[in-house]
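[1] Need the 3D shape of this:
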Amino acid sequence: MITLKDVSKTIKGRSILSGIDLEIHQGDVIALVGPNGAGKSTLIDVLLGNKKLSDGSIEGQSLIMDHTKTSVLYQQTYFTPHMKTYQIIELFRNLYDTPMSVEDIKSITLFDDTLMKTEASKLSGGQKRILDVALTLIGNPEFIILDEATVGMDTSTRRRFYELIAELKASGKTILFTSHYIEEVETLADRVVLMHKGQIVRDSSPRAIRSENAIKHVVLPIKYNDFVQDIQSLSRQVAADSQYIMIETEHIDQLMALLMARQVSFQNVEISNVSLLDSVFKVVEDDQHETV
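    Predicted coordinates for the structure are as follows:
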């Protein structure tokens with residue numbers, strides 16, 4: 001469907017994208033994730049033709065350039081002042097030969113007649129965002145790009161968005177989305193493309209990425225603080241607060257053996273995986289604004 005080969009982008013002598021190889025197949029739902037500055041927004045801009053390639057090629061860009069087949073939801077929401085919701089919907093419907101019906105749009109947004117007659121600029125943040133999503137889908141596109149689609153959505157609106165993505169997946173739509181919510185990526189994506197410093201460092205399923213990391217996170221009550229000295233050589237990181245000791249280790253078997261030797265009750269031990277996704281999203285949560 002769409003193939004990127006050795007795509008690179010340099011801006012003012014600075015390498016933003018380097019050697020990007022990516023295949024997007026019909027029906028894929030791909031989460032594009034990475035910390036601030038990883039190059040996600042630039043990659044989307046290159047796909048859309050908003051930025052020219054410095055090197056490499058993109059096959060299938062004619063589909064992307066066809067507004068009847070590809071639709072994009074950007075991070076920023078803006079509606080013309082004084083236009084009511086239904087007027088904006090009608091304006092967008094007139095851009096397509098076979099647009100989605102008003103009733104279908106209402107079923108996406110869950111807007112009642114009062115909200116349809118409200119000035120769009122006066123909707124809540126979550127309502128604006130789900131309206132943005134509906135407008136993105138109004139022309140029944142084949143390929144959908146969603147850049148931080150759920151920013152500003154409340155829990156119920158986000159749940160509706162998840163349902164909508166499931167419906168789009170079932171209908172065979174191809175979706176590329178960015179997100180800074182790990183549960184969103186793990187719930188919605190079939191593939192996760194991890195970017196770091198302008199390169200793709202992993203292209204796999206959420207489950208595979210979770211299972212490939214050997215790091216474990218172990219939590220003990222603070223009463224076992226004396227035990228910390230014995231495990232320094234087995235720990236990547238040790239932290240503590242007033243109640244708990246938090247340990248990261250790649251040597252879980254040895255650590256468990258030491259715990260058993262010290263007769264630590266396993267009712268007091270919590271063990272969980274620390275995956276590459278966890279590490280990435282910890283950085284993303286600290287800085288949610290993509291700059292390149």
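[2] the domain parsing of this protein - what is it?
    Residue ranges for the domains of the chain, per automatic domain parsing: 2-210, 214-274.
[3] so how far is the helix or strand where Arg129 lies from its chain's centroid?
    Using DSSP states H and E, the element containing Arg129 is helix 125-137. Relative to the centre of its chain, helix 125-137 is centred 17 Å away, using C-alpha atoms, centre = their mean, to the nearest Å.
[4] Convert the C-alpha atoms of the helix or strand following that helix to PDB, please.
    Using DSSP H and E, the helix or strand that directly follows helix 125-137 along the chain is strand 143-147. C-alpha atoms of strand 143-147 as PDB (Å, rounded to 0.1, in the frame of the first residue of the first chain):
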ATOM      1  CA  PHE A 143      -6.100   5.600   5.000                       C
ATOM      2  CA  ILE A 144      -6.500   7.600   8.200                       C
ATOM      3  CA  ILE A 145      -3.700   9.500  10.100                       C
ATOM      4  CA  LEU A 146      -4.500  10.500  13.600                       C
ATOM      5  CA  ASP A 147      -2.000  12.800  15.500                       C
END
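[5] and the angle from strand 143-147 to helix 125-137?
    Angle, strand 143-147 to helix 125-137, by axes from the mean of the first three to the mean of the last three C-alpha atoms, to 10 degrees: 160 degrees.
[6] hang on, the earlier thing: tell me which of the domains of the chain sits most buried.
    Highest mean neighbour count among the domains of the chain (mean count of other C-beta atoms under 10 Å): domain 2-210, with a mean of 17. From N, CA and C alone the C-beta is placed, and that goes for glycine too.
[7] Endpoint to endpoint, that domain covers what distance?
    27 Å (C-alpha to C-alpha, to the nearest Å).
[8] How far does that domain sit from its chain's centre?
    10 Å.
[9] if we can go back for a sec, who are the packing partners of the helix holding Arg129?
    strand 70-73, helix 85-93, helix 102-109, strand 143-147, helix 155-170 (3 or more C-beta pairs under 8 Å, 6 or more residues apart in numbering; DSSP states H and E).
[10] Alright, I will stop here.
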